[in-house]
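[1] give me a model of this one.
(2 chains)
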Amino acid sequence: MIEICHVSKTYPQAKIKALDNVSLAIEAGEFFGLLGPNGAGKTTLISILSTLLLPTEGEIKIGGEMLTRQRQDIKRKLALITQHNSLRGDMNLDQIMELQARLYFMDLKQAKARTEELLAFCGLLEHRKKTVRKLSGGMKRKLMLCRALLTDPEILILDEPTIGLDPASRRQMWDLLRTLNRQGMTILLTTHYIDEAQYLCNRIALIDKGKVARLETPHALIRELGEVAIDEFDDDHTRSTFFAEKEEALAFAATLENKFMMRSTTLEDVFLNVVGRGLGAK
Amino acid sequence: MKIQTFYHVITTVLWEKWVEFKFEWKKITASALVSPLLYMIALGWGLGSTSSVTDRPYIDFLVPGIIALTTMNTSFSAVGQPLNVQRIFERSFDQIIISPTPMPAYIVGQMLGGSLRGMYSGALILILSIPFGANIQLSISFFLVMLLNGLAFSALGVTAAILARTHGDIARFSSFVILPMTFLCNTFFPLDKVPDAIEALISILPLTHASGSLRAMAYGSAPSLLSIAVLAAYAIAFMIIANVVVIRRKNL
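    Next comes the predicted model:
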């Protein structure tokens, strides 16, 4: 459904190649994750997918049709939740939703009813007459989700959607996203929370320095590295070793002199192994 | 683009501008009045009482010029500043780019919204000029010129807002483009007082045509068709530039 074909993006002023010949195909109904450290190119790719940025080279196709800023029919299928709270500070919640409905040519009566539903679901109904600048960070994230869902998009693009949410709201957001995906919505997500990607995504592309370093299901990526991990604590360092079977890991552990811990391998281990540094690192 | 689509987008932008206006209408109104009031006091009552530039009272000469420059300033700012804030600070302009709303219609909507705000300020000055004893003859063409002037400068506001990399860039654009026109374009003094070469240069600027044309109508003369055509040409040219900038700019 989404074809990203040989996309490169250079920021000439900063002389940075943010994306380098990226090609990906995302199927309809997939929950697809983009993982990578800061500056890897995830947001650039999402911005190109939403036409905020134009690629230096390459093209994007949605349902076989080339995506450009002028393709209103394709853009109608997309909704984006940006990393920033891209909301008008001078509007209240009803007005934010009405503006979205108008921009997507929705019937305003229908939009009003859907607004009620969505605001109620996200616990924002009692705040509907507040201006956005009076909302908390978490409320703004929820409002952005409501806005994105108002137009019933086929493809939902989320750039760090749960930043600033408390753990309960984060789980609530996960449940909602899974429900939407089960109902057939294609979801493309970037996140810094690896547990989020592991829990939600069918497939994950690990992006590093503007290139796709790995592309697999979370489970396949973990299996490839080894499903059992042993962390060995040596003074200030922790060294992790991975094994396909528990028996192998136990045999290795028996040879260790330092303290150690045996656990299941996570996607974060895969990430560190492939990219070589943590998500917060530059 | 279908006419219904175009109409829908225009009404959407006008609704958006109305929400914006309702939110801060007191501040908008007060700030629209400050500079013109000062011009009228300092130049109309102050300098105007000691000198005259035509055979009519200076306040009659001054008020159409102030209406022209205020329409320009307000229309430019009513579009340029909020769009720049929405693009760089709030990032809410992202949602416009992503949406299926056609950009050409959106830009025309912004131009109309900006121009109506300019006309609002112009109308306030007309009311304000009554106690100053200004004698202004109003006609439909007078408001048409205000509208065209506003359309041209709000289109310029869209372009400036998209090209600006910081909020400071908008202020700098005003200092280099809007401010010189405010003082030079047949607003406070007649153009025949300046050297021929400068007069020729100033004569091609849109505000010169707006102020000249408004003044002629205020004096009771027929509107200058040439000036109306020039203003319309500027409005169309700036609209095309704004469209090209928004559609072609790689990093919005």
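[2] quote the end-to-end distance of stretch B:121-141.
    17 Å (CA to CA, to the nearest Å).
[3] so B:Thr182 belongs to a helix, correct?
    Yes - counting by DSSP: H, G, I helix; E, B strand; the rest coil, B:Thr182 falls inside a helix.
[4] count the neighbours of it for me.
    Counted with other CB atoms under 10 Å in any protein chain shown, residues neighbouring B:Thr182 total 21. Every residue, glycine included, has its C-beta placed from N, CA and C.
[5] what of A:Thr43?
    By other CB under 10 Å, neighbour count at A:Thr43 equals 21.
[6] and for B:Ala233?
    For B:Ala233, using other CB under 10 Å, the count is 14.
[7] for it, give me the pLDDT.
    B:Ala233 carries a pLDDT score of 97 in this model.
[8] could you say what helices and strands the helix or strand of chain A with the lowest mean pLDDT packs with?
    Every helix and strand in chain A was compared by mean pLDDT, DSSP states H and E; the lowest is helix A:267-275, with a mean of 86. With contacts taken as 3 or more CB pairs under 8 Å, 6 or more residues apart in numbering or on different chains; DSSP states H and E, helix A:267-275 sits against helix A:194-200, strand A:203-208, strand A:211-216, helix A:218-225, strand A:237-243.
[9] who in the stretch 51-200 of chain A is up against chain B?
    With CB under 8 Å from any CB of the partner chain as the criterion, the stretch 51-200 of chain A comes near chain B at residues A:51-54, A:56, A:69-70, A:72-73, A:75-76, A:78-80, A:82, A:84-91, A:95, A:98-100, A:102-105, A:131, A:147.
[10] weed out the non-buried ones from those.
    Taking 16 or more other CB atoms under 10 Å in any protein chain shown as the criterion, what is buried in those is A:51-54, A:56, A:69, A:72, A:75-76, A:78-80, A:82, A:84-91, A:95, A:98-100, A:102-105, A:131, A:147.
[11] restricted to helices, list those residues.
    A:Gln72, A:Lys75, A:Gln95, A:Glu98, A:Leu99, A:Gln100, A:Arg102, A:Leu103, A:Arg147 (DSSP state H).
[12] wait, what's in contact with the residue lying closest to the first one once chain neighbours are set aside?
    Of all residues beyond its chain neighbours, the one nearest A:Gln72 is B:Pro100 (3.9 Å), with distances taken as CB to CB, 6 or more residues apart in numbering or on different chains. For B:Pro100, the residues meeting the contact criterion (CB atoms under 8 Å, 6 or more residues apart in numbering or on different chains) are A:Gln72, A:Asp73, A:Lys75, A:Arg76, A:Leu103, A:Tyr104, A:Phe105.
[13] the closest residue to A:Gln70 other than its chain neighbours: which element?
    Leaving aside its sequence neighbours, A:Gln70 sits nearest to B:Ile247 (CB to CB, 6+ apart; 7.1 Å). Following DSSP states H and E, one finds B:Ile247 within helix B:225-248.
[14] in that helix, what counts as buried?
    For helix B:225-248, burial by neighbour count (16+ other CB under 10 Å) applies to B:Ser227, B:Ile228, B:Val230, B:Leu231, B:Tyr234, B:Ala235, B:Phe238, B:Met239, B:Ala242, B:Asn243, B:Val245, B:Val246.
[15] likewise for stretch B:206-226?
    Those would be B:206-218, B:223-224, for stretch B:206-226 by 16+ other CB under 10 Å.
[16] taking those one by one, which sit in helices?
    Among the buried residues of stretch B:206-226, DSSP H puts B:206-218 in helices.
[17] now render the residues you listed as TSV, adding pLDDT and distance to B:Ile162.
    Shown next, in TSV, are those (pLDDT from 0 to 100; distance: CB to CB, whole Å):
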residue	pLDDT	distance to B:Ile162
B:Pro206	95	20
B:Leu207	96	22
B:Thr208	96	26
B:His209	96	25
B:Ala210	96	24
B:Ser211	95	28
B:Gly212	94	30
B:Ser213	95	29
B:Leu214	96	29
B:Arg215	95	33
B:Ala216	94	35
B:Met217	95	34
B:Ala218	94	35
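[18] which of the residues you listed lies closest to B:Asn149?
    B:Ala210 (3.9 Å; CB to CB).
[19] I figured that closest one hits B:Ile66, correct?
    No - B:Ala210 lies out of contact with B:Ile66 (CB atoms under 8 Å); the separation is 11.5 Å.
[20] got the angle for the helix holding B:Ile247 vs helix B:206-218?
    For helix B:225-248 against helix B:206-218, the angle by axes from the mean of the first three to the mean of the last three CA atoms, to 10 degrees is 140 degrees.
[21] any idea how far the residue nearest to A:Thr68 when sequence neighbours are not counted lies from B:Ile98?
    Leaving aside its sequence neighbours, A:Thr68 sits nearest to A:Thr51 (CB to CB, 6+ apart; 7.1 Å). Here A:Thr51 is placed at a distance of 6 Å from B:Ile98 (CB to CB, to the nearest Å).
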